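Enquirer: Here you go, sequence then predicted model.
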Amino acid sequence: MSPLASTAVPSDDSILSLAVEARWGTTAPVHLQIGEWICGLVVSGELVPGEKLPPERQLAEALSVSRMTLRQALEGLQTAGWITRTLGRSGGAVITEHRSNMDIASLAGLRAQLLQSAMSASSRLISATQHGPDADTRTALRLGTADEVFEIQRVRLADMVPVVFERSFFPVALFPGLLEHELTGSMYSIMRSEFALGPVSAAQEINAVIADAAVADLLEIAVGSPLLGIVRTSLSGNGTPVEFSRDLICSERLHVTVSGRIVSGVEPPEGSRAPESDQPTGYESNR
């Protein structure tokens, strides 16, 4: 689990000492690596909200990069909400309280949503198995007693911070060989490109959940922390259930919203039933 944030504010000297020890790889632009390095210091508690970063010149020298490269990193961090920056002699970059954004009713992909407010978004595969479904999964996916499902468990991360634990179930009969694919990328892309069964809508149920020991360990939070639970059944274009998922969202780390839409511009008469949409409200998380 991540260390708790320190109550003591580190000095410029300690930050610069850490910067001197930082090393950059060759697989990604250096300014992105610097941004992730600073995010990692915040996650570990070595940088805390309200703390001011050293002056650009000093920090760039300690990191062995140009001030232009450092400014690119700081601009990315500011866009993602990790820092605020002010100009002038008394200005600088200050660490802020940070939460990435997620609209659980949006048709935009989860990774795409996270990247609007985070420097990076990734997935960590926990397990991938094949077995018989429980009663709720069998009902949601309209399976027979002899049918089996693939269960894929993943943790989604924003800026290297765990934000969502996913348990997704897919009918084996619809997706033969699914587990042979790369399972840390977009599951929906695989479902579309390899099986022509990409989800186009979803029915969802939202509940309040408390983190048990296993989930707390995966999300790197305290046991008993409040979570947002989403039970979702995703449907293909012809109405076939193609995924049943139980997601646990760390709402302390994600700013969760639910968008809506007006189905008809005409209000129904009082006492009458509102018209139903042909497509149920849902969201497509680029899983």
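Expert: Nice, I can see it.

Enquirer: For the chain, just list every one of the strands.
Expert: In the chain, the segments counted as strands under DSSP state E are 83-86, 92-95, 100-103, 121-131, 149-158, 161-171, 201-210, 226-235, 241-249, 254-257.

Enquirer: Out of these, flag the one nearest residue 182.
Expert: Distances from residue 182 to each of those were compared using CB to CB; the shortest belongs to strand 121-131, at 9.3 Å. All C-beta spots, glycine's among them, are computed from the backbone N, C-alpha and C.

Enquirer: neighbours around residue 240, how many?
Expert: 14 (other CB atoms under 10 Å).

Enquirer: Enumerate every residue touching it.
Expert: The neighbourhood of residue 240, defined by CB atoms under 8 Å, 6 or more residues apart in numbering, consists of 142, 174, 197.

Enquirer: With pLDDT as extra columns, can I get these in TSV?
Expert: Rendered in TSV, the data for the contacts of residue 240 read as follows (pLDDT from 0 to 100):
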residue	pLDDT
142	97
174	97
197	92
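
Enquirer: how is this structure carved up into domains?
Expert: Residue ranges for each domain of the chain read 12-95, 100-257, as given by automatic domain parsing.

Enquirer: gap between the last one and the chain center?
Expert: Going back to what we said before, that points to domain 100-257. On the basis of CA atoms, centre = their mean, to the nearest Å, the separation between the geometric centre of domain 100-257 and that of its chain is 11 Å.

Enquirer: I'd like the strands of the chain laid out as JSON lines, including mean pLDDT, distance to residue 49 and mean neighbour count.
Expert: Shown next, in JSON lines, are the strands of the chain (pLDDT from 0 to 100; distance: least, CB to CB, whole Å; neighbours: other CB atoms under 10 Å):
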{"stretch": "strand 83-86", "mean pLDDT": "86", "distance to residue 49": "10", "mean neighbour count": "16"}
{"stretch": "strand 92-95", "mean pLDDT": "88", "distance to residue 49": "5", "mean neighbour count": "19"}
{"stretch": "strand 100-103", "mean pLDDT": "62", "distance to residue 49": "15", "mean neighbour count": "20"}
{"stretch": "strand 121-131", "mean pLDDT": "93", "distance to residue 49": "22", "mean neighbour count": "14"}
{"stretch": "strand 149-158", "mean pLDDT": "94", "distance to residue 49": "17", "mean neighbour count": "22"}
{"stretch": "strand 161-171", "mean pLDDT": "93", "distance to residue 49": "14", "mean neighbour count": "23"}
{"stretch": "strand 201-210", "mean pLDDT": "90", "distance to residue 49": "26", "mean neighbour count": "15"}
{"stretch": "strand 226-235", "mean pLDDT": "91", "distance to residue 49": "20", "mean neighbour count": "20"}
{"stretch": "strand 241-249", "mean pLDDT": "94", "distance to residue 49": "22", "mean neighbour count": "23"}
{"stretch": "strand 254-257", "mean pLDDT": "70", "distance to residue 49": "15", "mean neighbour count": "16"}
